[in-house]
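Engineer: Pasting a predicted model and its sequence here:
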Amino acid sequence: MPDGNILHRPAVSPPPTPEHAPKHVSKPHWELHVSRRERILREHPSVRELYGVDPRTQFYAYACILCQMTLAYLSRDSYVVAIVCGICFGPYVNAGVLCFMHEATHMLVFRNPVYNRLLSIATNVAMIVPISEIFRQHHSKHHRNLGNDEFDVDVPTDYEISLVGNSPLRKALWLMFNMIILPTRSMMRLPVIVDRFLVLNWVACISFGLSSFLYSRSTFLFFVLSLLNSQGLHPANTRQVQRHIYNGDKNMRTTDDRPTTYSYYGIGNWVTLNVGYHVEHHDFNRIPWTRLPELRRIAGDKWYPDETAYHGRGIPELLNFVMNPNISLADFAQ
């Protein structure tokens, strides 16, 4: 399980950004979350009691697998059914898979790290693309180097920022193929450690993907559409826009005392493991999703005010990101 003390390592300074490219903000955002955690714990020591794991989360993973396999089976004889399921239902299930893999990456499901990794790999099979183990290796860097364009794989590259700019069309295309761009950026930016779990992850997902292709082309199409839309230009991916990019409102701009992460407290959290409690998660990544609302209740509006959180969820947030000229990919690092 990730240890909060890890976050006390010195920040790594990013390399100089070329003069012609948009510049990332270089202040160590993760240090702000460390400071917030320490201050909240001084004010509310009982928050430590929320640390731990929640084995009930495993049933969420089983439900995701069952739902996706059922949809895949229903798509076996019809491209029309495959397209409908791959657009209307599958992306939400795959978003759930990603949310579970995130919880397992933080070792918040089982006390035994091996069990977390194995169930994450098994759940990842429903996406047919092996990302579980690479995500596990690189996500800790995101927490320890938040906003750092060398080690935080969520931060777009300077080339991406320059290429996409503020163009609505290019922002839409970037978001549409983000499920391909993000893993590629992750592997290009940081090394990948090969071990038996990584090999198992790749063998399991690729074998299942190949089997689905041989079994039914329409089933395979369903899996591909579900994959691309789960992290693409689709309401299922609103969570990505909400967590690390401001909405164009100057009141939500990051300041020296405000995190670069954002929260959302609406009903979307009911089916995404409270992923909307994102400022809370970055402050306390040792608290499982089931206890994040309690963290917010204990800490109160002083630390997690509604006015700095997203209030909507779905297509309007995606359209705002695409169409708003005040938002660019550089804002992922703001």
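Structural biologist: Alright, I've got the coordinates.
Engineer: C-alpha from now on. contacts and neighbour counts both.
Structural biologist: Will do.
Engineer: Pull the number of nearby residues for the spatially closest residue to Asn326 that is not a sequence neighbour.
Structural biologist: Setting aside the residues directly before and after it, Asn326 is nearest to Gly248 in space (CA to CA, 6 or more residues apart in numbering), at 5.8 Å. Neighbours of Gly248 under the rule other CA atoms under 10 Å: 16.
Engineer: what residues are up against Gly248?
Structural biologist: 324, 326-327 (CA atoms under 8 Å, 6 or more residues apart in numbering).
Engineer: which of those residues count as buried?
Structural biologist: By neighbour count, with 16 or more other CA atoms under 10 Å, the contacts of Gly248 hold Ile327 as buried.
Engineer: Reformat the contacts of Gly248 as a markdown table; add secondary structure, distance to Tyr310 and pLDDT.
Structural biologist: Converted to a markdown table, the contacts of Gly248 look like this (DSSP: H, G, I helix; E, B strand; the rest coil; distance: CA to CA, whole Å; pLDDT from 0 to 100):
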| residue | secondary structure | distance to Tyr310 | pLDDT |
| --- | --- | --- | --- |
| Asn324 | coil | 16 | 90 |
| Asn326 | coil | 17 | 84 |
| Ile327 | coil | 15 | 86 |
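Engineer: Where does the most centrally placed residue in the chain fall, secondary structure wise?
Structural biologist: The residue lying closest to the centre of the chain (CA atoms, centre = their mean) is Gln240, at 6.1 Å. In the assignment (DSSP states H and E), Gln240 maps to helix 238-244.
Engineer: Report the mean per-residue pLDDT for the helix or strand following that helix.
Structural biologist: Next helix or strand after helix 238-244 toward the C-terminus (DSSP H and E): helix 278-283. The average pLDDT for helix 278-283 rounds to 93.
Engineer: and the spatially closest residue to Val275 that is not a sequence neighbour, how far is that from Arg239?
Structural biologist: Distances taken as CA to CA, 6+ apart place Asn269 nearest to Val275, at 6.2 Å, with adjacent residues excluded. Counting by CA to CA, to the nearest Å, the separation of Asn269 from Arg239 is 10 Å.
Engineer: which of the two has more neighbours?
Structural biologist: Each of Asn269 and Arg239 has its neighbours counted (other CA under 10 Å); Arg239 has more, 24 against 15.
Engineer: where does the more buried one land on pLDDT?
Structural biologist: Taking Arg239 on its own, its pLDDT is 83.
Engineer: before we move on, what about Met69?
Structural biologist: Met69 is given a pLDDT of 98.
Engineer: which one of the contacts of Gly248 is nearest Ser211?
Structural biologist: Set against Ser211, the nearest of the contacts of Gly248 by CA to CA is Ile327 (41.5 Å).
Engineer: contacting residues around that closest one?
Structural biologist: By CA under 8 Å, 6+ apart, the neighbours of Ile327 are 166, 246-248, 321.
Engineer: From Ile245, how far off is it?
Structural biologist: 8 Å.
Engineer: Then Thr290?
Structural biologist: From Thr290 to Ile245 the distance is 24 Å (CA to CA).
Engineer: For those two, work out which one has more neighbours and name it.
Structural biologist: The residue with more neighbours, out of Thr290 and Ile245, is Ile245; 23 against 15, by other CA under 10 Å.
Engineer: The more buried one and Ser140, how far apart?
Structural biologist: From Ile245 across to Ser140, the span is 19 Å (CA to CA).
Engineer: now swap in Ala299 and tell me
Structural biologist: 25 Å.
Engineer: same deal with Asp301?
Structural biologist: 28 Å.
Engineer: The two: which is more packed in?
Structural biologist: Applying other CA under 10 Å to Asp301 and Ser140 shows that Ser140 carries more neighbours, namely 18 against 11.
Engineer: Could you tell me which residues make contact with the more buried one?
Structural biologist: By CA under 8 Å, 6+ apart, the contact list for Ser140 is empty.
Engineer: re the thing from before, okay, the residue nearest to Asn326 and Ala309: tell me how far apart.
Structural biologist: Gly248 is 13 Å from Ala309, by CA to CA.
Engineer: swap in Ser186?
Structural biologist: Going from Ser186 to Ala309 by CA to CA gives 27 Å.
Engineer: What of Val93?
Structural biologist: With CA to CA as the criterion, Val93 and Ala309 are 25 Å apart.
Engineer: more crowded one of those two?
Structural biologist: Here Val93 and Ala309 are compared on neighbour count by other CA under 10 Å; more neighbours surround Val93, at 27 against 22.
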